[in-house]
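> build me a structure from this.
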Amino acid sequence: MADDISTTTTEAVTVTEDKPTPDLGDAGKKALTEERTARKAAEKERDAHAAKLKEFDDRDKTESQRLTEERDALKAERDDNRQEATKLRLGLRYKLAEDDLDFLGSGTDEQMEDRAKRLSEKASASGKPVGNVDQGVRGDTAGTSGGKPDMNALIRAAARGGDPF
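This next block holds a predicted model:
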């Protein structure tokens with residue numbers, strides 16, 4: 001159908017060109033010249049507007065692509081943060097050491113919780129202390145037997161790299 005239209009248009013132009021043009025006279029030639037000049041100016045203006053429209057569309061497309069990439073990056077960051085929060089929550093719930101959180105891996109919350117349960121059960125069955133064992137009072141490491149802490153003992157403990165408390 002598109003071929004029919006172009007053929008018909010071509011034939012119409014051919015027919016128009018084949019007809020002998022009557023003598024237009026000076027006024028007719030002047031009007032024809034003005035019409036052709038106006039048509040060329042309109043075509044240039046049309047082409048300029050088409051170029052601006054294409055530039056505008058391309059600029060929007062680029063902006064759209066940038067926003068799409070930014071959205072995808074934010075979604076990935078959100079998913080990573082959500083997974084990290086799930087690991088921390090499960091670590092607290094099942095009293096896992098911070099080093100053991102990496103063993104929870106990735107996946108759905110239910111899968112990670114199953115791994116946390118198994119890891120907690122294995123740690124408690126093996127007699128391994130669960131949680132951070134470095135918390136709490138350590139005893140009399142700085143010579144603070146009952147009274148005020150001895151400043152010299154605190155300095156010596158700090159020099160050895162130990163925690164005086």
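> helices of the protein, start to end?
2-18, 25-93, 109-125, 151-159 (DSSP state H).
> D100 is nearest to which of these?
The minimum distance between D100 and these falls on helix 109-125, with 5.8 Å, by C-beta to C-beta. All C-beta spots, glycine's among them, are computed from the backbone N, C-alpha and C.
> circling back to that earlier point, with mean pLDDT and distance to L101 added, can I get the helices of the chain in a markdown table?
Conversion of the helices of the chain to a markdown table gives the following (pLDDT from 0 to 100; distance: least, C-beta to C-beta, whole Å):
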| stretch | mean pLDDT | distance to L101 |
| --- | --- | --- |
| helix 2-18 | 44 | 65 |
| helix 25-93 | 90 | 5 |
| helix 109-125 | 87 | 9 |
| helix 151-159 | 79 | 31 |
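> of all those, which lies closest to D102?
Closest approach to D102 among the helices of the chain (C-beta to C-beta): helix 25-93, 8.3 Å.
> I'd like the helices of the chain laid out as CSV, including mean neighbour count and distance to D102.
Shown next, in CSV, are the helices of the chain (neighbours: other C-beta atoms under 10 Å; distance: least, C-beta to C-beta, whole Å):
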stretch, mean neighbour count, distance to D102
helix 2-18, 9, 63
helix 25-93, 11, 8
helix 109-125, 15, 11
helix 151-159, 13, 32
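> now these as a markdown table including distance to D100?
Formatted as a markdown table, the helices of the chain follow (distance: least, C-beta to C-beta, whole Å):
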| stretch | distance to D100 |
| --- | --- |
| helix 2-18 | 69 |
| helix 25-93 | 7 |
| helix 109-125 | 6 |
| helix 151-159 | 30 |
